[in-house]
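A.B. asks: below is the sequence, then the predicted model.
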Amino acid sequence: MQASRGAHAIAETEAVEAVMRRIGADARRAAATLATAPTEAKDRALKEAAAALRRSQAALLAANAGDVAAMRAGGASGAMIDRGTLDPGRIEGIAASLEAIAALPDPVGSVIAAWDRSNGLRIERVRTPIGVVGVIFESRPNVTADAGGLCLKAGNAVILRGGSDTHRTSAAIHACLVEGLRAAGLPEAAIQLVPTTDRAAVGAMLRGLDGAIDVIVPRGGKSLVARVQEEARVPVFAHLEGVCHVYVHGPADLDMAKRIVVNAKMRRTGICGAAETLLVDAAIADTHLKPLVEALSAAGCEIRGDERTRAALPQAKAASETDWHAEYLDAIIAVKVVHGLDAAIRHVATHGSHHTDAIVTDDAAAAERFMSEVDSAIVLHNASTQFADGGEFGMGAEIGIATGKMHARGPVGVEQLTSFKYRVRGTGQTRP
């Protein structure tokens, strides 16, 4: 009996591998077409997909209701359920994001740099599509549309593997994207959603689907991203986690600091740009610490703090060493008093994840030092960390935020989803 179950599992895995190889081959063929597709066709596909999303609101909400019910039954956290939930406003936001991507300049074929050589050669560095992008994500169904739309605009085919928790919702959104492709006369295989939640599909993508996938973008929890970074045989655009800091440095307007800190933590606690640690400079702790932690507590946030923080807010819990490294993705924040700008920068360097960090201060020189010396993909002065988002950067949307230093860093938008090549024009030159 045990041997029979083992044989059945092997057969299922082999079936998934066959499906994934076909998906990879179809994506590679579609990528060849997209590489030279006119801007007008790509933009029409995006606009038609946005219209399909609006027409399909009832079906999208019904599919999402099934996913959310299953998440609740499975004991998912409030933050995870929030990530996976759609409502009419969020559907409109997804549709508007596709239209914003359509309105962006087409990066394909744009000249990044050009120069003439003394021998008469004219050299240009020109943006080109990457080819086939594999996106592996969890929970957020909007990634289906954002990743599909961005890859299409950049001339790439994309293979989307969403999480099992929102598979129904992702499938409903994907159907709208296919409507757009069909209306524009582009290959439907340009945006494919993996039809199975079997984990073997992820392994197949990480192995590159026989060379079909050019880059992998993971978007999800620490365990998913760690697996991708460890097992992928193709390049990866990734961030491991978002341990984001807000450092309040004197002099700082208290009302502004409270608005920023509460927004950075509590606007949406489950996103990677949510603040996880608040640092307050010792020089202003007597005037700023208590009002800041009280404002967070009043907003429903649990405080885990050092000794001075617990003195300012008796109901605060004692922070352990692990709290300084924690990505809570929930209404919890770690709070610490630090002695000066150097100490704050050291803390971020030691405990941060190179994602997004902010300083709140009226001291322009301190702000410049913080923004220069903190080695994160995004640094902010007097603004909430929740602005760590491609849409807020004017990119239309993002496929994720990369914290590495090769090729793409920060929000990965249309331009970051391109490579480049050199075009060299001569008049008969030969090399001596």
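C.D. replies: Structure received.
A.B. asks: list the contacts for the residue lying closest to residue 361 once chain neighbours are set aside?
C.D. replies: Nearest in space to residue 361, with sequence neighbours left out and distances taken as Cβ to Cβ, 6 or more residues apart in numbering, is residue 249 at 4.0 Å. All C-beta spots, glycine's among them, are computed from the backbone N, C-alpha and C. Listed by Cβ atoms under 8 Å, 6 or more residues apart in numbering, the contact set of residue 249 reads 281, 284, 341, 344, 359-361, 363, 366, 370.
A.B. asks: sec struct for the residue nearest to residue 103 when sequence neighbours are not counted, please.
C.D. replies: Here the nearest residue to residue 103 in space, its sequence neighbours aside, is residue 396; by Cβ to Cβ, 6+ apart that works out to 7.3 Å. Assigned by DSSP: H, G, I helix; E, B strand; the rest coil, the conformation of residue 396 is coil.
A.B. asks: hmm, residue 396 is touching residue 97, no?
C.D. replies: Yes - contact between residue 396 and residue 97 holds when scored by Cβ atoms under 8 Å: they sit 6.3 Å apart.
A.B. asks: overlap in contacts, these two.
C.D. replies: The contact sets of residue 396 and residue 97 overlap at residue 149 (Cβ under 8 Å, 6+ apart).
A.B. asks: for PyMOL, what selects the buried ones among the contacts of residue 249?
C.D. replies: Buried residues among these (16 or more other Cβ atoms under 10 Å), as a PyMOL selection:
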select buried, resi 281+284+341+344+359+360+361+366+370
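A.B. asks: ok, the contacts of residue 249 vs residue 384, which is closest?
C.D. replies: residue 360 (9.6 Å; Cβ to Cβ).
A.B. asks: show me what contacts that closest one?
C.D. replies: Going by Cβ under 8 Å, 6+ apart, residue 360 touches 246-249, 252, 256-257, 260-261, 381-382.
A.B. asks: what's the answer for residue 299, then?
C.D. replies: Counted by Cβ under 8 Å, 6+ apart, residue 299 has contacts 262, 265-266, 331.
A.B. asks: again, only using 10 Å
C.D. replies: 258, 261-263, 265-267, 331 (Cβ atoms under 10 Å, 6 or more residues apart in numbering).
A.B. asks: with residue 358 instead?
C.D. replies: By Cβ under 10 Å, 6+ apart, residue 358 lies in contact with 244-248, 260-261, 264, 273, 275, 367, 370-371, 374, 376, 378-388.
A.B. asks: among the contacts of residue 360, which ones are in strands?
C.D. replies: 246-248, 381 (DSSP state E).
A.B. asks: now do the helices in the stretch 1-150 of the chain.
C.D. replies: In the stretch 1-150 of the chain, the helices defined using DSSP state H, counting those that start in this stretch lie at 2-34, 39-55, 57-73, 78-84, 88-103, 142-153.
A.B. asks: what does the stretch 251-400 of the chain give?
C.D. replies: Per DSSP H, counting those that start in this stretch, the stretch 251-400 of the chain carries helices over the ranges 254-266, 285-298, 307-312, 341-351, 364-373.
A.B. asks: what comes up buried for the fourth one?
C.D. replies: Within helix 341-351, the residues that qualify as buried are 341, 343-345, 347-348, 351, counting by 16+ other Cβ under 10 Å.
A.B. asks: returning to what we had before: please spell out the PyMOL selection for the buried subset of the ones in strands among the contacts of residue 360.
C.D. replies: Here is the PyMOL command that selects the buried residues among the ones in strands among the contacts of residue 360 (16+ other Cβ under 10 Å):
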select buried, resi 246+247+248
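A.B. asks: which of the ones in strands among the contacts of residue 360 sit farthest apart?
C.D. replies: For these, and using Cβ to Cβ, no pair is farther apart than 248 and 381, which are 12.0 Å apart.
A.B. asks: anything in contact with each of the two?
C.D. replies: Residues within reach of residue 248 and of residue 381 at once, by Cβ under 10 Å, 6+ apart, are 358-361.
A.B. asks: keep only those of those that are in strands.
C.D. replies: Using DSSP E, 358-360 are the members of the shared contacts of residue 248 and residue 381 that sit in strands.
A.B. asks: adding distance to residue 195 and pLDDT, write the residues you listed out as TSV.
C.D. replies: Below are these laid out as TSV (distance: Cβ to Cβ, whole Å; pLDDT from 0 to 100):
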residue	distance to residue 195	pLDDT
358	41	97
359	46	98
360	47	98
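A.B. asks: tell me which of the contacts of residue 249 is nearest to residue 86?
C.D. replies: residue 360 (33.3 Å).
A.B. asks: I'd like the distance between the closest one and residue 352.
C.D. replies: 16 Å (Cβ to Cβ, to the nearest Å).
A.B. asks: how close does the closest residue to residue 198 other than its chain neighbours sit to residue 410?
C.D. replies: In this structure, residue 198 finds its nearest non-sequential neighbour in residue 16, 5.0 Å apart by Cβ to Cβ, 6+ apart. Residue 16 sits 34 Å away from residue 410, going by Cβ to Cβ.
A.B. asks: please apply the same query to residue 38.
C.D. replies: Here residue 38 is placed at a distance of 29 Å from residue 410 (Cβ to Cβ).
A.B. asks: look at these two and report which has more neighbours.
C.D. replies: Taking other Cβ atoms under 10 Å, residue 38 and residue 410 do not tie; residue 410 has more neighbours (20 against 12).
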